[in-house]
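**Q** Provided below for reference: sequence and predicted model.
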Amino acid sequence: MPRRTQRRRALSQNFLHDQSVIAEVIGTLHPPPGTLVVDLGAGAGALTRRLARTNRVLAVELDPRWADHLRTHARAWGDVTVQRADALTVGFPRERFHLVSNAPYHVGTQLVRRVLTDAHGLERGVFVLQLETARRLAGDGRFAATWAPWFELRVHGRIPPRAFRPAPSVDSAVLTVVPRPVPLLSPAAFADYDAFLARVFNGRGNTLAQRVGDARALKRAAIPRDATPGSVPPEAFARLYGA
Ligand SMILES: C[S@@+](CC[C@H](N)C(=O)[O-])C[C@H]1O[C@@H](n2cnc3c(N)ncnc32)[C@H](O)[C@@H]1O
């Protein structure tokens, strides 16, 4: 197998090429002009290039060849800084920033978790993910419950495989991540809240009341007595924790 194909497969290099989808992804991010946007897994620059018309861009790319390609074009595109780095460990800017990422799908969950944990200056994040992953992260499971006190996670639309070259075998979607202006819990509560979620999600019984063992707490949190962990919105867990 040619080396280029091997690298493409290992790094999941399915580049966005449908201009209307690129415009939609950037429209979902809508960064104020002039502000900084971080593009994780910038590849050939489909998103970076478009963003650079109105914004400063920090393009992060692991593959040295694509990083070189980005550097070659950066000046012509606008105010673009290229960093050859791993999106899973790269340092984030100190100033406030927006973030866009169409990175390999096999690191999608890890990458979103990493951004939620470490990107303290994040104003808004947009991730292109496998549709199934986007739905799971924003859905009614443990992941969404873990982050709901501090972030709103939402899935937007569906992107067909033909929007990419080469086309992946699955549908994709955009996940937006927006920090809540008023968090539902203090960041200091994270570890304790996470331990509470472990009890709720791994506990015995079908209903939340059985798992928490406190029917009055459910009432105080305005959660129906017969609710199950999968039947309440992610924010309900923060209310229940508080109650
Ligand atoms: C699916 S392609 C998308 C490229 C571009 N964002 C686009 O939309 O066309 C993913 C890109 O992420 C790069 N990549 C893979 N793993 C990475 C990592 N851990 N950190 C940074 N970039 C990575 C790949 O080399 C590839 O260029």
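**A** Done, it's in. These figures come from a predicted structure and were not determined experimentally.
**Q** measure Leu197 to Trp147 for me?
**A** 11 Å (Cβ to Cβ, to the nearest Å). C-beta coordinates here come from the backbone N, C-alpha and C atoms, glycine included.
**Q** residue boundaries of the helices in the chain?
**A** 3-10, 19-29, 46-51, 64-77, 108-118, 131-138, 142-147, 190-202, 208-212, 215-220, 235-242 (DSSP state H).
**Q** same question for the shortest one, mean pLDDT?
**A** Regarding helix 208-212, the rounded mean pLDDT is 92.
**Q** for the ligand, find the nearest of the helices of the chain.
**A** The ligand lies closest, by Cβ to the nearest ligand atom, to one member of these: helix 46-51, at 3.7 Å.
**Q** pull out the buried residues from the closest one.
**A** Buried positions in helix 46-51, judged by neighbour count with 16 or more other Cβ atoms under 10 Å: 46-51.
**Q** give me the subset of the residues you listed touching the ligand.
**A** Restricting those to those within reach of the ligand (Cβ under 6 Å from any ligand atom) leaves 46-47.
**Q** make CSV out of the buried residues of helix 46-51 and add pLDDT.
**A** Converted to CSV, the buried residues of helix 46-51 look like this (pLDDT from 0 to 100):
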residue, pLDDT
Ala46, 98
Leu47, 98
Thr48, 98
Arg49, 98
Arg50, 97
Leu51, 98
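**Q** what's in contact with stretch 152-170?
**A** With Cβ atoms under 8 Å, 6 or more residues apart in numbering as the test, stretch 152-170 has contacts from 8, 12, 14-18, 21, 24, 28, 105, 128, 130-132, 134-135, 137-138, 144, 147, 171-178, 180, 234.
**Q** about what we covered before: neighbour count: Leu197 and Trp147, which is higher?
**A** Trp147 (22 against 18; other Cβ atoms under 10 Å).
**Q** residues touching the closest residue to that one other than its chain neighbours, list them.
**A** Spatial nearest neighbour of Trp147, chain neighbours left out: Leu116 (5.4 Å); criterion: Cβ to Cβ, 6 or more residues apart in numbering. Contacts of Leu116 were listed using Cβ under 8 Å, 6+ apart, and they are 147, 150-151, 177.
**Q** show me which residues of stretch 229-243 are buried.
**A** Under the neighbour-count criterion of 16+ other Cβ under 10 Å, stretch 229-243 has 229, 232, 234, 236-241 buried.
**Q** over to stretch 132-142?
**A** Across stretch 132-142, burial judged by 16+ other Cβ under 10 Å covers 133-134, 136-140, 142.
**Q** pick out the most distant pair among the residues you listed.
**A** Pairwise distances across the buried residues of stretch 132-142 peak at 15.8 Å for Ala134 and Arg142 (criterion: Cβ to Cβ).
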